[in-house]
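Q: no sequence for this one, just the structure:
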Ligand code: C2O
């Protein structure tokens, strides 16, 4: 195994799209940022040099970070942020994981431009993939373009001003020819293919605000992996991918040579109660030797074939796609058996609520005295402001006494997904009970935890991609409507459930997961939909040390950033 080193210089740069110059924060002047390519078992060192005016951390999304929580990159949870003109080197390894993951800044909206792929290949080379060896591998990074300052978007979101939208969707940083500046089409992503060859697409949704539908006209995908876990091959013409997820899929160039559009269509409105998601982006799959050349994403004659896209609001397609994933029995990494004895059962509702804008009390009937927040079991998460939680936990500073324990159940039972019960206006009793706290849950080392996530009607229109740091979760079952233990437990897949770090809770539905707390530390756990994350749909899971040195968290790195100089995690 090798040590793979990168230097990430974070700085601001001007980029022009849609006739507007925007200042964006990027790594090494690139959008998307550099791809980290490694072999399973390698060690990685990333030297982050912060030349931007923002406090930054980088999170290695999906990397398990076993016994290495210090390098997980969550501001005020695992570390103090890297301040402007400071450096920090992240060190981690990628043992026991193969496939596609990604990295991103974990400072709110800035991740829209601070991200890149992590590609982990098998030690024995590409011929040891548990699927036909691809001729070429390509990251397909789906994202958003914002013609606004993202730090400003973040402030507005926290202040409850909802007048911002992504300006476009992107594939590998390109907007595509559905977008233009004074009639001149934006460049689109072009994938050059040769007839008969096989391509492994490593698809990542880095978007802040939406699940995406992905199609290529005339072609089918064979899904072979997701979240760096192999899945049983599943053939489909439609990929559905939520923010935070990765999907590895093979595409064979087996159509008559020509040009075919690859379309990524957001299926979720960026803001509650708006019905218009940002428009789709499209790139082109271009066969080699095809006579009609495509220049800069615009056609010079031959109009590419366009795929027929599903209805933009057909959210059931997401449930359908995700419930078709099963783990692959793979000889090198046979998926661990699903634990059958559950130590802790939790039922977690995902919702919205209102809290007082300032101080402890207010007249909740006065809308300008309250602020809308996102919740788990009706509590909205608040970051600590002085000491990161991991440091406090490690040094037993007593800060844990100020945390609120995430309850096993929501404070009140109602008919979760009945749309007729959506509270209208702040006088609704349901919203009155919402509180804000640093929400945490403690687990003994080695516990088996089962969580049923229940979407609620308050979130009508949104699915919730729930992401757990430091662990993969078995996805046992999912469905639309209210979870019903008397019959839904029988549907649990205990044989070959997929392992995921990001689990989609369907719109007005539920999902049941299990995981084993085998990684001591303080792990962030949140909705990967930025609107929900920034507004508090978050908790931390604190996994205690196990009985041996091998199962105990080692001390922090020597050069760990400190919070001593005026860190304000809610600001940039
Ligand atoms: Cu990719 Cu905490 O996130």
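A: Done, it's in. Note that the coordinates shown come from a computational prediction; the quantities given were computed from them, not determined experimentally.

Q: contact partners for residue 68?
A: Contacts for residue 68 (Cβ atoms under 8 Å, 6 or more residues apart in numbering) come out as 91, 92, 93. Bear in mind the C-beta positions are built from the backbone N, C-alpha and C, glycine included.

Q: which among the residues you listed gets closest to the ligand?
A: Lowest distance from the ligand to the contacts of residue 68 (Cβ to the nearest ligand atom) belongs to residue 92, with 14.6 Å.

Q: and for that closest one, nearest residue in space, chain neighbours not counted?
A: Nearest non-adjacent residue to residue 92, counting by Cβ to Cβ, 6 or more residues apart in numbering: residue 71, 4.9 Å away.

Q: how many neighbours does that neighbour have?
A: Around residue 71 there are 23 other residues, counting by other Cβ atoms under 10 Å.

Q: so which residues on the stretch 401-550 of the chain come close to the ligand?
A: Within the stretch 401-550 of the chain, the residues that sit near the ligand (Cβ under 6 Å from any ligand atom) are 467, 469, 524, 526, 528.

Q: who wins for neighbours among these?
A: Within these, neighbour counts (other Cβ under 10 Å) peak at residue 469, which reaches 28 neighbours.

Q: would you mind measuring from that residue to residue 170?
A: Taking Cβ to Cβ, to the nearest Å as the criterion, residue 469 is separated from residue 170 by 26 Å.

Q: show me the contacts for the closest residue to residue 244 other than its chain neighbours.
A: Once its chain neighbours are removed from consideration, residue 244 has its nearest residue in residue 528; the separation is 3.4 Å (Cβ to Cβ, 6+ apart). Under the criterion of Cβ under 8 Å, 6+ apart, the contact partners of residue 528 comprise 242, 243, 244, 465, 466, 467, 502.

Q: could I get those as JSON lines with distance to residue 20?
A: Converted to JSON lines, the contacts of residue 528 look like this (distance: Cβ to Cβ, whole Å):
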{"residue": "242", "distance to residue 20": "28"}
{"residue": "243", "distance to residue 20": "24"}
{"residue": "244", "distance to residue 20": "28"}
{"residue": "465", "distance to residue 20": "29"}
{"residue": "466", "distance to residue 20": "34"}
{"residue": "467", "distance to residue 20": "31"}
{"residue": "502", "distance to residue 20": "32"}
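
Q: quick check on these: which are buried?
A: Burial by neighbour count, 16 or more other Cβ atoms under 10 Å: within the contacts of residue 528 this picks out 242, 243, 244, 465, 466, 467, 502.

Q: just these: which are in strands?
A: Secondary structure assignment (DSSP state E) places 465, 466, 467, 502 from those within strands.

Q: wait, which of these is closest to the ligand?
A: Within these, proximity to the ligand (Cβ to the nearest ligand atom) peaks at residue 467, which comes in at 5.1 Å.

Q: can you tell me how far the closest one is from residue 106?
A: 11 Å.

Q: flag every residue of the chain that's near the ligand.
A: Within the chain, the positions lying close to the ligand (Cβ under 6 Å from any ligand atom) are 59, 61, 104, 106, 244, 467, 469, 524, 526, 528.

Q: residue 230 is in contact with residue 328, correct?
A: Yes: with contacts counted by Cβ atoms under 8 Å, residue 328 reaches residue 230, the gap being 4.1 Å.

Q: what bridges to the closest residue to residue 406 other than its chain neighbours?
A: Nearest residue to residue 406, sequence neighbours excluded (Cβ to Cβ, 6+ apart): residue 441, at 4.3 Å. Note on residue 441: beta-bridge partners residue 541, judged by DSSP bridges.

Q: just residue 236 next, same as before
A: As assigned using DSSP bridges, the partners bridged with residue 236 are residue 221.

Q: what are the ranges of the helices in this protein?
A: With DSSP state H as the definition, the chain shows helices at residue ranges 150-159, 316-323, 389-394, 429-432, 485-488, 530-534.

Q: least reliable of the ones you listed going by mean pLDDT?
A: Within these, the least confident segment by mean pLDDT turns out to be helix 429-432, at a mean of 54.

Q: next, format the residues of the stretch 401-550 of the chain next to the ligand as a markdown table and append pLDDT and distance to residue 196.
A: Converted to a markdown table, those look like this (pLDDT from 0 to 100; distance: Cβ to Cβ, whole Å):
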| residue | pLDDT | distance to residue 196 |
| --- | --- | --- |
| 467 | 98 | 38 |
| 469 | 98 | 41 |
| 524 | 98 | 45 |
| 526 | 97 | 43 |
| 528 | 96 | 37 |
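
Q: thinking again about what came up before, among the contacts of residue 68, which are in strands?
A: Among the contacts of residue 68, the members falling in strands (DSSP E) are 91, 92, 93.

Q: which pLDDT value goes with the second one?
A: Meaning residue 92. Confidence at residue 92, expressed as pLDDT, is 98.

Q: and the residue in the stretch 1-150 of the chain positioned nearest to the ligand, how many neighbours does it have?
A: Among all residues of the stretch 1-150 of the chain, residue 61 sits closest to the ligand, at 3.7 Å; criterion: Cβ to the nearest ligand atom. Number of residues near residue 61 (other Cβ under 10 Å) recorded here: 27.

Q: biggest strand in the protein, by residue count?
A: strand 3-17.

Q: quick one, phi psi at the residue nearest to residue 314 when sequence neighbours are not counted?
A: Counting by Cβ to Cβ, 6+ apart, the nearest residue to residue 314 once its immediate chain neighbours are dropped is residue 267, at 7.2 Å. Taking degrees, to the nearest 10, you get phi -110, psi 10 for the backbone angles of residue 267.

Q: I figured residue 267 hits residue 315, correct?
A: Yes: because the distance of 6.5 Å satisfies Cβ under 8 Å, residue 267 is recorded as touching residue 315.
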